[in-house]
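S.K.: Using only what follows, build the 3D model:
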Amino acid sequence: MVAVSRERLAAASEMLRKGATLLREPCPKCGGVQIKYRGEVSCIVCGLAKDESAATLQLEAKLPSLKEIIETKALEVAFALRDERSIERQKDLLDLLERYIELLLKLSGK
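M.R.: Reported below is the predicted structural model:
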């Protein structure tokens with residue numbers, strides 16, 4: 001069981017008295033109990049607020065797999081480029097490869 005600080009537990013109890021609701025979904029960061037009060041969702045264990053909660057954490061979790069997909073596609077394009085004879089098709093493949101490289105640079109923060 002996860003330890004909850006007295007301050008967070010007291011704050012959560014007060015919000016529940018004022019009409020907050022317990023949510024079924026656990027916190028995406030720590031698995032703790034989440035409450036919803038006045039449209040804001042927060043975890044009583046780690047304090048994660050909705051602004052930075054599920055959507056942000058899910059996106060961060062998907063970035064490595066997105067990077068892997070783009071890397072795979074870039075390799076596929078590079079292999080297709082190697083065997084392509086048409087100059088027009090080569091230009092299209094190079095444009096696509098350039099876009100993949102730009103995306104990879106953006107995902108890596110460079």
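S.K.: only C-alpha atoms for contact and neighbour calcs from this point on.
M.R.: Will do.
S.K.: is it true that Tyr37 touches Met15?
M.R.: Yes: using CA atoms under 8 Å, Tyr37 makes contact with Met15 at a distance of 6.7 Å.
S.K.: chain center to stretch 93-107, what's the gap?
M.R.: 21 Å (CA atoms, centre = their mean, to the nearest Å).
S.K.: what's next to that stretch, contact-wise?
M.R.: Contact partners of stretch 93-107, identified using CA atoms under 8 Å, 6 or more residues apart in numbering, comprise 63, 67, 70-71, 73-74, 77-78, 80-81.
S.K.: Worst mean pLDDT across the helices and strands of this protein, which element?
M.R.: The weakest-scoring helix or strand in the chain, judged by mean pLDDT, DSSP states H and E, is helix 54-83 (a mean of 78).
S.K.: Give the next helix or strand downstream of that helix.
M.R.: Next helix or strand after helix 54-83 toward the C-terminus (DSSP states H and E): helix 87-107.
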